[in-house]
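K.L.:
quick one: sequence plus predicted model below, questions after.
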Amino acid sequence: MTTTFEEKIEILQEKFFFSSSQANVSDIAESFISLTVSFNSRITEDEVKQAIRRVKADKVSSASGISNRALQASLAELTSVLTSLFNACVTHKYHSKQFKKTQTIVLRKLKKSDYIDSKTYRLIALLDIMSKALKSIMIKRLSDIVETHRMLSNAQMRARRKRFVISTLDLLIDQVHTV
């Protein structure tokens, strides 16, 4: 049974900070797909507004100390500044150091009988709201490109918009009928 602070730290480090090891990729066949995709790289003010509004107000204060609600309340004044900032990040392929700062907290999982086990804790990383907004804009754009150019197999269902349980069942039924 762990009783000292140092023992508790050691248990949490073993659970959450894995040793770095290289993945074995020797079984992956060499392949290269040549595909040129053109798109407008300029981020618009509408994209910035939508991204900031998607983040829930008062959910978390960011690492910068700017709350989500404050940023959303001043969005009309800040939209052009944030749009310029995000476009500069994309143009220069630079992600601000401030955006990379996180605040990590450890929470106990509810209704666990023994909090000595490191599996009874959960790490929560709190990201900067502006980093979340830029990330959501880029994810939406990449997702749109992938869907538009059909870069994923039809069998790929996870983390894709408009792919529901019904789509998965339809695919499964089709595969059963072809066998």
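P.N.:
It's in. All values reported here derive from a predicted model rather than from experimental measurement. Numbers count the residues shown, from 1 in each chain.
K.L.:
so for the lengthiest helix in the chain, mean pLDDT?
P.N.:
With secondary structure taken from DSSP state H, the chain has its longest helix at helix 129-148. Across helix 129-148, pLDDT averages out at 84.
K.L.:
stretch 17-32 now?
P.N.:
68.
K.L.:
burial count for Ile66?
P.N.:
Neighbour count for Ile66, taken as other C-beta atoms under 10 Å: 14. (C-beta placed from N, C-alpha, C; glycine too.)
K.L.:
apart from its chain neighbours, what residue comes closest to it?
P.N.:
Ile129 (6.3 Å; C-beta to C-beta, 6 or more residues apart in numbering).
K.L.:
count the residues that sit near that neighbour.
P.N.:
Counted with other C-beta under 10 Å, residues neighbouring Ile129 total 25.
K.L.:
quick one: pLDDT of the nearest residue to Lys112 once chain neighbours are set aside?
P.N.:
Distance criterion C-beta to C-beta, 6+ apart; nearest residue to Lys112, sequence neighbours excluded, is Thr120 at 4.1 Å. At Thr120, the predicted lDDT confidence score is 83.
K.L.:
picking up where we left off before, what is the longest helix of the chain packed up against?
P.N.:
Using 3 or more C-beta pairs under 8 Å, 6 or more residues apart in numbering; DSSP states H and E, the elements in contact with helix 129-148 are helix 45-54, helix 68-73, helix 75-92, helix 97-100.
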